[in-house]
Structures are given as structure tokens and as C-alpha cells.
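S.K.: What follows is a predicted structure for the sequence shown.
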Amino acid sequence: MSGHSKFHNIKATKDKADAARGKIFTKIGREIAVAVKAGGPDPNTNSKLYDVIQKAKQNNMPNDNIQRSIKKASGETEGDNYQPCLYEGYGTNGVAFIVDCLTDNKNRTAADVRHIFSRFGGSLGASGSVMYNFQYRGVIVINKKDGLTEDDVMLVALDAGADDVLTEDECFVVYTSSEQLHAAVKAFEAAGFEIVSSENEYVPINTVTLDEEKMASVEKLEDALNDLDDVQSVYHNAE
């Protein structure tokens, strides 16, 4: 399970900043709504909802907010109908982007995403234009503390059917298939590990290496896309 290229950028710091201004709570609320409408309001029988609730807790979303989002989506209160959509494009220096959205108006979202790409010197592409650079995988970030070793993580990962384990400075990053993410999260929870984040992500398999100045321009585009209300996550293949 070694030899995997080190490209995963831990987003905990940025996520906490987003949480401080409430934006991440709104975005997670949309994910809860979609999960409830797809599989019902009980996380014990709706694995997607369970995973989103864990994400909400990892981002310090209050339980009242979580329950309110579930009730709203389950029809106890009036709610919006959000639909998932993906946009693909290129930033400067040939960097590929995938923009994952939940929206109640695809025309508005497409126009907003296209405008941001154009504003930062990039371009929105057709479906499939950059997807070959990425693989959809489960990504679990585990806090490295209390003497936890890579062997400890590896034992649970192997039993849970994970694909790969990487050691970072302050955490371990575990990769699974997208279908195996839920089972792997449950296994690490049962083992008592502290999960910093767990989510299916578009992980780059072909990367573009940039210097610090060029990487700054990529991050500006990424931040501008993340600031759009309809954007849930932004992925790129720059390192």
C-alpha cells in the first residue's frame, strides 16, 4: 500500500475558516437535504446521510442545525430541491479543475462558475474534458496522536478494505473505493481513532507541478469558486 504519490492537501484549516463565517454549514445543510431525499431521514438505514452527519460533526456544526436540516428535507418544513451537478474546466498553467455543486437553478450556477473561470484566466470545459485526470475515491484523514502508528492504521485499513495509507506530518490519510468509504469510516470509529475528515473526493492521478507564484494563482481561483453559494467542493491537480 505504499508508493502512492503525495498530492493530498488537507483542507482542515480552510474548512474551519469557512465554518467561522457559516458558509460551510449552509453547504453541509444542502448535502443533508439531498441525502435525506434520496434515502430517508434515518442515518441508521441511510449510509449517505450518516456520512454527511459525520462530516457536519467534523466541522463542528451544531446538532440543532443538523436536525433542522434533516426535518426540513424530510418534509416536516418546507425546503428547496437541490440537484447535484459537476463542472470541469482549466485554470492557468494547464491545471485541471472539477467543481462539485448542489443547486436549485443549474443555469444560474453554470453562469456563475463560467464567470469565475473567465475572471481568473481559465475556461469552463465540456463534460469529460478533465475528468480523466482524477479518480473518485474515499478519503479518510485520521489524527496522528497518542502514539498512533502507521501500522495501527494499516491493520484497520486492511480489514476495512482500504486501498492505501499515507503518513503526513500530523495525520494519516487513508484511501478507499468510493463504495467502501462508509464501511471504512465505521471501522475506524469502532477502533477509537479520531477522524478529522471523511469524504468521497476527486483525487488527481495526473498532476501539474507549479512554483509558489503560479500555485498562488490556482488558489485564488479555487477560493473564488468556493465562495459561490452553490459550490460544495473544488478539486484540482496542481501540486
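M.R.: All right, it came through fine.

S.K.: sec struct for residue 135, please.
M.R.: strand (DSSP: H, G, I helix; E, B strand; the rest coil).

S.K.: Spit out the contact partners of it.
M.R.: Residues near residue 135 by Cβ atoms under 8 Å, 6 or more residues apart in numbering: 202, 203, 205. Any C-beta I mention is one placed from the backbone N, CA and C, and that applies to glycine too.

S.K.: same thing with residue 222?
M.R.: Residue 222 neighbours (Cβ under 8 Å, 6+ apart): 97, 234, 236.

S.K.: Which residue or residues pair with the first one through a beta bridge?
M.R.: Following DSSP bridges, residue 97 is listed with bridge partners residue 89, residue 236.

S.K.: thought it was touching residue 235?
M.R.: Yes: counting by Cβ atoms under 8 Å, residue 97 touches residue 235, with 7.0 Å between them.

S.K.: All the helices of this structure, in order from the start?
M.R.: 12-20, 23-39, 47-58, 63-73, 106-119, 150-159, 181-190, 212-226 (DSSP state H).

S.K.: any chance of the contacts of residue 135 in a markdown table, with pLDDT too?
M.R.: Compiled in a markdown table, those are given as follows (pLDDT from 0 to 100):
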| residue | pLDDT |
| --- | --- |
| 202 | 97 |
| 203 | 96 |
| 205 | 94 |
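
S.K.: between the residues you listed, which is nearest residue 225?
M.R.: Closest approach between the contacts of residue 135 and residue 225, by Cβ to Cβ: residue 202, at 13.6 Å.

S.K.: I figured the closest one hits residue 134, correct?
M.R.: Yes: between residue 202 and residue 134 there is a contact at 4.2 Å, judged by Cβ under 8 Å.

S.K.: Need the overlap of contacts for those two.
M.R.: 98, 235.

S.K.: more crowded one of these two?
M.R.: residue 202 (25 against 20; other Cβ atoms under 10 Å).

S.K.: Now for residue 144, how many residues are close by?
M.R.: With other Cβ under 10 Å as criterion, residue 144 counts 19.

S.K.: re the thing from before, could you redo the contacts of residue 222 as a markdown table and give each row distance to residue 141?
M.R.: A markdown table is the format used below for the contacts of residue 222 (distance: Cβ to Cβ, whole Å):
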| residue | distance to residue 141 |
| --- | --- |
| 97 | 22 |
| 234 | 17 |
| 236 | 18 |
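
S.K.: now, among these, which is nearest to residue 165?
M.R.: Among the contacts of residue 222, and counting by Cβ to Cβ, the member closest to residue 165 is residue 236, at 23.4 Å.

S.K.: quick one: that closest one from residue 190, how far?
M.R.: 34 Å (Cβ to Cβ, to the nearest Å).

S.K.: same thing with residue 31?
M.R.: Distance from residue 31 to residue 190, by Cβ to Cβ: 24 Å.

S.K.: got it, and residue 88?
M.R.: Taking Cβ to Cβ, one finds residue 88 at 37 Å from residue 190.

S.K.: So between the two, which is more surrounded?
M.R.: Neighbour tally, residue 88 and residue 190, criterion other Cβ under 10 Å: the higher count belongs to residue 88, 21 against 10.

S.K.: OK, contacts around that one?
M.R.: Counted by Cβ under 8 Å, 6+ apart, residue 88 has contacts 96, 97, 98, 99, 124, 125, 126, 127, 128, 129, 130, 131.
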